[in-house]
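Chemist: Predicted model follows, preceded by the sequence.
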Amino acid sequence: MLTSMSGSIEKLIMMDTSYDMIKSCKHTQQDVSDNMETSFVVGDEEFLPMKECSLDLVISCMGLHWTNDLPGAMIQSKLALKPDGLFLAAILGGETLKELRIACTVAQLEREGGISPRLSPLAQVCM
């Protein structure tokens, strides 16, 4: 995907909490156009190391559900975006794996007499 878009992207910042993922991205990124300035950052969604109003686009794909403070992480993204910037995210919704969560809860109640969290909290999206 980046190869086809690289002509319209001047600067790309790839950020992940995992050093190994950043290392893998650096290796993969070598196939993309040399005309694009690319930075690789090991960072945390809850404390973005970006200047306010500095980004045109923030993309988060299946990472925000791991944060301890989802609203705070989204606020960090909003602060980093320029006024007309775009935030795109894919996250697990509140109904994701509902049947599995119910089955785990019932089984644990029957076996142990109580429950403990088995999954990260899932967001309810309001439209």
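Modeler: Structure received. Note that the structure is a prediction, hence the values are computed from the model and not measured.

Chemist: So what are the structural domains in this protein, by residue number?
Modeler: Structural domains of the chain, as assigned by automatic domain parsing, span the residue ranges 2-90, 95-127.

Chemist: which helix of the chain spans the most residues?
Modeler: Looking across the chain with DSSP state H, the single longest helix is helix 98-112.

Chemist: longest strand of this protein?
Modeler: strand 81-90 (DSSP state E).

Chemist: show me where the protein has strands.
Modeler: Applying DSSP E to the chain gives strands spanning 11-16, 37-42, 55-61, 81-90.

Chemist: Any chance of CSV for the ones you listed, columns distance to residue 123 and mean neighbour count?
Modeler: For every residue, glycine as well, the C-beta is placed using N, CA and C. Listed next are the strands of the chain as CSV, based on distance: least, C-beta to C-beta, whole Å; neighbours: other C-beta atoms under 10 Å:
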stretch, distance to residue 123, mean neighbour count
strand 11-16, 20, 16
strand 37-42, 24, 13
strand 55-61, 12, 15
strand 81-90, 10, 12
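
Chemist: Turn the ones you listed into a markdown table, including mean pLDDT and distance to residue 26.
Modeler: Converted to a markdown table, these look like this (pLDDT from 0 to 100; distance: least, C-beta to C-beta, whole Å):
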| stretch | mean pLDDT | distance to residue 26 |
| --- | --- | --- |
| strand 11-16 | 91 | 8 |
| strand 37-42 | 91 | 5 |
| strand 55-61 | 94 | 18 |
| strand 81-90 | 95 | 23 |
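
Chemist: other SSEs contacting the longest strand of the chain?
Modeler: Helices and strands in packing contact with strand 81-90 are listed as strand 55-61, helix 70-80; criterion 3 or more C-beta pairs under 8 Å, 6 or more residues apart in numbering; DSSP states H and E.
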